[in-house]
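*Asks:* pasting the sequence and the predicted model now:
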Amino acid sequence: MIDLTKLPLSITSFSEFCERNKIYVDKTDLVAKLAQFDAPIFLSR
């Protein structure tokens, strides 16, 4: 089970993720796949 307290809120620097022992998820490959669609896509942060 994932410890949801490790999910960051308002952290903007990678070094701060490391210092606070937070979880970082890189979704770059998913964005590249979305770019292949020929339709408008809304991405929310």
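*Replies:* Thanks, I have it.
*Asks:* the helix or strand containing Leu30: how far from the chain's middle?
*Replies:* Using DSSP states H and E, Leu30 falls within helix 28-34. For helix 28-34, the separation from the chain centroid amounts to 12 Å (computed by C-alpha atoms, centre = their mean, to the nearest Å).
*Asks:* repeat that for stretch 32-40.
*Replies:* Using C-alpha atoms, centre = their mean, the offset of stretch 32-40 from its chain centre is 18 Å.
*Asks:* check whether the spatially most central residue of the chain sits in a helix, strand or coil.
*Replies:* Taking C-alpha atoms, centre = their mean, the centroid of the chain lies closest to Val25, which sits 4.6 Å from it. Secondary structure assignment for Val25 (DSSP: H, G, I helix; E, B strand; the rest coil): coil.
*Asks:* could you tell me the model confidence score at it?
*Replies:* Looking at Val25, its pLDDT stands at 80.
*Asks:* that one and Val31, how far apart?
*Replies:* Plainly put, Val25 is 12 Å away from Val31 if you go by C-beta to C-beta, to the nearest Å. Glycine gets a C-beta too; all of them are placed from N, C-alpha and C.
*Asks:* cool, Asp38 as well?
*Replies:* 16 Å.
*Asks:* ok, now Arg20?
*Replies:* Arg20 is 25 Å from Val31, by C-beta to C-beta.
*Asks:* and for Ser13?
*Replies:* For Ser13, the distance to Val31 equals 20 Å [C-beta to C-beta].
*Asks:* quick one, which of those two is more surrounded?
*Replies:* Using other C-beta atoms under 10 Å, the more surrounded residue of Ser13 and Val31 is Val31, with 11 against 8.
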